[in-house]
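>>> Whatever this is, show me its structure:
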Amino acid sequence: MKRRALLKVGTILMGTTGFSSFLPKWWSDKAVAAEEFEVTKTEDEWRQVLTSQQFHVLREKGTERPRSSPLDHEYSEGLYRCAGCDLPLFTSETKFNSGTGWPSFYAPIEGAVATSVDFDLVLPRTEVHCHRCGGHLGHVFNDGPRPTGKRYCMNGVSLKFMPGEKI
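Numbers count the residues shown, from 1 in each chain. Prediction:
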């Protein structure tokens, strides 16, 4: 009996995962029109200015391998900018070592990022994207340090670190 229940749950989860791409915008909040952003480019234009890995993360909502970014262990003073449009997103003052393998911050620069809900892994997560170009940066979780309690877990490839730069 337990095996049958487990198989049912597995079937439901797998079906929901595949089905999530067909959910309407109000449910998944995945579809964000390019017209909503100040910086817009065609797919070919993005491919000309981004590396293949940056394109995969920023434009296709991919994820880099954990511990693959040198920015994970960068703790110099400076600004972290969007690799797509150069908008300042985070300061070094809000960076911390989360131990996750991705650069983590407890707060973005005010107005620099926007969020939406994604259901790519069935359960809802809060996606973080650049406010100016819509580039996917990572996700935010409620397990960060004070004062915000947030952990902005960012893909290092979606960021450019500018040492010594201040707002």
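
>>> any idea which residue sits dead centre in this structure?
What sits nearest the mean C-alpha location of the chain, by Cα atoms, centre = their mean, is G138, with 1.5 Å.

>>> Quickly find the element holding the closest residue to P124 other than its chain neighbours.
Spatial nearest neighbour of P124, excluding adjacent residues (Cβ to Cβ, 6 or more residues apart in numbering): V117 at 5.1 Å. Any C-beta I mention is one placed from the backbone N, CA and C, and that applies to glycine too. V117 is located in strand 113-121, with elements delineated by DSSP states H and E.

>>> Show me what the helix or strand following that strand is packed up against.
Once strand 113-121 ends, the next helix or strand along the chain (criterion: DSSP H and E) is strand 123-130. Applying 3 or more Cβ pairs under 8 Å, 6 or more residues apart in numbering; DSSP states H and E, one finds that strand 123-130 contacts strand 113-121, strand 136-141.

>>> The ones you listed: lowest mean pLDDT?
Sorting the helices and strands packed on strand 123-130 by mean pLDDT places strand 113-121 lowest, at a mean of 86.

>>> CA atoms of it as CSV?
C-alpha atoms of strand 113-121 as CSV (Å, rounded to 0.1, in the frame of the first residue of the first chain):
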residue,chain,number,x,y,z
VAL,A,113,16.2,44.2,-8.8
ALA,A,114,12.7,42.9,-9.3
THR,A,115,11.2,39.5,-8.4
SER,A,116,8.7,37.1,-9.7
VAL,A,117,7.5,33.6,-8.7
ASP,A,118,8.8,30.6,-10.6
PHE,A,119,7.5,27.0,-10.3
ASP,A,120,10.4,25.4,-12.3
LEU,A,121,11.0,23.0,-9.4
